[in-house]
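Peer 1: pasting the structure only:
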Ligand SMILES: Cc1cc2nc3c(=O)[nH]c(=O)nc-3n(C[C@H](O)[C@H](O)[C@H](O)COP(=O)(O)OP(=O)(O)OC[C@H]3O[C@@H](n4cnc5c(N)ncnc54)[C@H](O)[C@@H]3O)c2cc1C
């Protein structure tokens with residue numbers, strides 16, 4: 001266990017297993033960041049015959065990828081109803097297929113690694129969310145022929161979760177959750193076996209692109225520098241998400257920095273265990289519909305993996321006390337009975353936090369410029385989506401390098417164009433919400449409140 005920020009610990013730390021980058025190296029592609037997006041992209045490229053180096057500042061999964069709630073959900077941050085409204089039927093179907101392919105890739109791998117638990121529930125926190133959720137489910141069933149999900153009414157939801165919260169919800173048996181640190185260890189093993197050269201404890205401190213203003217079809221490469229070495233490559237991928245800092249300022253400017261909080265609770269007291277019996281039996285993860293979302297899952301020993309609450313990073317560093325206070329509020333809302341029983345000793349065994357990057361429209365920003373490829377701003381929903389985007393980005397890179405024996409290059413180009421168009425599109429209500437929040441935090445910065 002290790003401090004992720006002052007005084008905040010997280011479980012499942014993945015120790016470095018690979019050397020630091022020293023001296024001069026060359027590769028077809030260099031990837032900066034070994035979270036879910038960077039490692040999955042590296043694996044896909046290496047399996048396609050591309051020579052890949054991954055350079056990670058700390059260790060595999062140091063960022064959000066090992067700190068998350070493990071929920072592998074179906075779809076994007078927008079409902080498919082909104083996606084189809086915005087992009088039309090055909091593109092909407094393609095976007096749905098891309099998201100499902102990402103989810104299924106994670107699921108398949110997690111099953112191989114023995115770290116998959118099936119089933120997720122999305123529960124309407126407010127009465128007004130119920131009809132919206134229900135109509136989105138109807139839409140997915142009728143428009144996309146998605147029959148992995150079903151509607152549960154308020155009583156059914158309560159009977160499963162043992163929580164008084166919720167006005168009905170969707171149970172999706174195609175979705176589920178993973179043990180993220182264990183999943184990342186499996187991914188690291190696969191990437192190394194596929195020939196990926198991975199360097200840990202090697203922060204990239206400087207980037208020298210060689211291509212100036214040239215287009216993606218004629219890039220002339222990059223040199224990335226770490227304190228002890230450098231890598232020259234034809235292409236580079238930025239996979240730093242919320243941890244990007246000032247490394248690539250034009251990407252950093254595209255996202256708002258949030259901190260998300262997560263925990264493992266103490267074992268539930270016997271009375272709460274009894275009330276929640278069906279929850280342990282069902283073994284589903286749960287997500288709410290509030291903006292500052294609660295998400296939780298059953299863990300061994302009648303504990304919950306429980307997350308809730310997001311904080312603007314500019315508001316200051318999150319310490320254990322602040323994080324615990326925020327989380328306790330969320331836990332009391334969800335499980336008032338258990339929270340009361342645990343109050344004296346405290347509700348949580350471990351509390352930790354992680355950085356997420358949020359875009360104005362809450363869809364990841366995906367693109368290519370010169371020899372650089374990037375995906376940033378997974379907006380707190382990134383396990384299935386990082387895999388979906390990695391599949392598209394890796395094919396797009398291979399298509400531009402003419403490594404196309406295993407897929408249709410035109411489709412690879414079209415999918416990448418579709419994702420980068422999607423990421424640039426605005427959706428007024430969402431943009432308005434996030435921009436308002438941004439104004440508030442800028443004002444707080446100014447006036448020190
Ligand atoms: C508390 C929490 C709960 C979450 N819960 C869920 C959930 O249940 N379901 C879900 O779908 N999503 C969830 N998410 C979001 C999800 O975890 C992220 O979207 C996803 O992990 C992003 O992956 P990534 O690889 O893009 O970024 P990260 O995992 O953040 O990886 C970025 C990496 O880049 C490295 N890096 C940064 N700068 C440099 C540099 N200069 N040189 C070298 N390396 C560098 C960092 O060290 C880091 O390892 C959650 C996130 C958090 C924080």
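Peer 2: Thanks, I have it. These numbers come from a predicted model, not from an experiment. Residues are numbered from 1 along each chain as shown.

Peer 1: Give me the buried positions along stretch 287-296.
Peer 2: For stretch 287-296, burial by neighbour count (16 or more other Cβ atoms under 10 Å) applies to 287-289, 293-296. Where you see a C-beta, it was placed from the backbone N, CA and C, and this is true even at glycine.

Peer 1: Correction: the previous question concerned stretch 243-257.
Peer 2: Buried residues in stretch 243-257, counted by 16+ other Cβ under 10 Å: 243-244, 247-248, 251, 254-257.

Peer 1: Within reach of the ligand, which of the buried residues of stretch 287-296 are there?
Peer 2: Here is what survives when the buried residues of stretch 287-296 are matched to the ligand using Cβ under 6 Å from any ligand atom: residue 295.

Peer 1: Which one of the buried residues of stretch 287-296 is nearest to the ligand?
Peer 2: Using Cβ to the nearest ligand atom, residue 295 comes nearest to the ligand of the buried residues of stretch 287-296, at 5.6 Å.

Peer 1: Is the closest one within a helix or a strand, and which one?
Peer 2: In the assignment (DSSP states H and E), residue 295 maps to strand 294-299.

Peer 1: thinking again about what came up before, quick one: which of the buried residues of stretch 243-257 sit in strands?
Peer 2: 256-257 (DSSP state E).

Peer 1: just checking, what packs against whichever strand or helix holds residue 351?
Peer 2: Using DSSP H and E, the element containing residue 351 is strand 348-358. Here strand 348-358 touches strand 2-5, strand 8-10, helix 64-67, strand 256-265, helix 320-334, going by 3 or more Cβ pairs under 8 Å, 6 or more residues apart in numbering; DSSP states H and E.

Peer 1: Could you identify which of those is most buried?
Peer 2: Mean neighbours per residue, mean count of other Cβ atoms under 10 Å, is largest over those for helix 64-67, with a mean of 26.

Peer 1: Direction included, what does the following helix or strand past that one pair up with?
Peer 2: For helix 64-67, the following helix or strand on the C-terminal side (DSSP H and E) is strand 71-72. Strand 71-72 has these partner strands in its sheet, going by DSSP bridges: strand 169-178 (antiparallel).

Peer 1: Any part of the partner strand near the ligand?
Peer 2: No - with Cβ under 6 Å from any ligand atom as the criterion, the ligand is not reached by strand 169-178; the gap is at least 7.2 Å.

Peer 1: Quick one: residues in contact with the helix or strand following that strand.
Peer 2: With elements assigned by DSSP H and E, the helix or strand that comes after strand 169-178 is helix 180-193. With Cβ atoms under 8 Å, 6 or more residues apart in numbering as the test, helix 180-193 has contacts from 11-14, 17-18, 34, 36, 39-40, 42-43, 46, 54, 60-61, 65-68, 70, 106, 109-110, 112-113, 115, 198, 383.

Peer 1: Counting neighbours, which of those residues end up buried?
Peer 2: For those, buried by 16+ other Cβ under 10 Å: 11-12, 14, 18, 34, 36, 39-40, 42-43, 46, 54, 60-61, 65-68, 70, 106, 109-110, 113, 115, 198, 383.

Peer 1: Which stretches in the stretch 1-150 of the chain count as helices?
Peer 2: For the stretch 1-150 of the chain, applying DSSP state H, counting those that start in this stretch gives helices covering 36-47, 64-67, 80-87, 89-113, 127-144.

Peer 1: now those helices in CSV, with distance to residue 234 and mean pLDDT?
Peer 2: Output for the helices of the stretch 1-150 of the chain, formatted as CSV (distance: least, Cβ to Cβ, whole Å; pLDDT from 0 to 100):
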stretch, distance to residue 234, mean pLDDT
helix 36-47, 12, 98
helix 64-67, 26, 94
helix 80-87, 32, 95
helix 89-113, 26, 98
helix 127-144, 38, 96
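
Peer 1: now these in JSON lines, with distance to residue 177?
Peer 2: Output for the helices of the stretch 1-150 of the chain, formatted as JSON lines (distance: least, Cβ to Cβ, whole Å):
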{"stretch": "helix 36-47", "distance to residue 177": "14"}
{"stretch": "helix 64-67", "distance to residue 177": "14"}
{"stretch": "helix 80-87", "distance to residue 177": "21"}
{"stretch": "helix 89-113", "distance to residue 177": "9"}
{"stretch": "helix 127-144", "distance to residue 177": "19"}
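
Peer 1: Output the contacting helices and strands for the strand or helix carrying residue 279.
Peer 2: Using DSSP H and E, residue 279 falls within helix 277-282. Counting contacts by 3+ Cβ pairs under 8 Å, 6+ apart, helix 277-282 is packed against helix 154-161.

Peer 1: can you pull the buried residues of the helix it packs on?
Peer 2: By neighbour count on 16+ other Cβ under 10 Å, the buried set for helix 154-161 is 154, 156-158, 160-161.

Peer 1: mind putting those residues in CSV, pLDDT and distance to the ligand included?
Peer 2: Listed next are the buried residues of helix 154-161 as CSV, based on pLDDT from 0 to 100; distance: Cβ to the nearest ligand atom, whole Å:
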residue, pLDDT, distance to the ligand
154, 96, 24
156, 96, 23
157, 96, 19
158, 95, 22
160, 94, 19
161, 95, 17
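
Peer 1: about what we covered before: if we take the buried residues of stretch 243-257, which one ends up nearest to the ligand?
Peer 2: Distances from the ligand to those, taken as Cβ to the nearest ligand atom, are shortest for residue 243 (3.7 Å).

Peer 1: Tell me who's in contact with the spatially closest residue to that closest one that is not a sequence neighbour.
Peer 2: In this structure, residue 243 finds its nearest non-sequential neighbour in residue 63, 4.7 Å apart by Cβ to Cβ, 6 or more residues apart in numbering. Residues near residue 63 by Cβ under 8 Å, 6+ apart: 33, 35, 240-243, 354-355.

Peer 1: Return the residues in contact with the closest residue to residue 337 other than its chain neighbours.
Peer 2: The shortest distance from residue 337 to any non-neighbouring residue, by Cβ to Cβ, 6+ apart, is to residue 272 (6.1 Å). Applying Cβ under 8 Å, 6+ apart to residue 272 gives the contacts 162, 335, 337-338, 341.

Peer 1: Now which of these would you call buried?
Peer 2: Buried residues within the contacts of residue 272, counting neighbours by 16+ other Cβ under 10 Å: 162, 335, 337-338, 341.

Peer 1: Would you mind giving the residues you listed as a markdown table with pLDDT added?
Peer 2: Listed next are the buried ones among the contacts of residue 272 as a markdown table, based on pLDDT from 0 to 100:
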| residue | pLDDT |
| --- | --- |
| 162 | 94 |
| 335 | 96 |
| 337 | 94 |
| 338 | 95 |
| 341 | 92 |
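
Peer 1: and the two most separated of those?
Peer 2: Spatial extent of those (Cβ to Cβ) is set by the pair 162 and 341 at 12.8 Å.

Peer 1: Many thanks, I have nothing further to ask.
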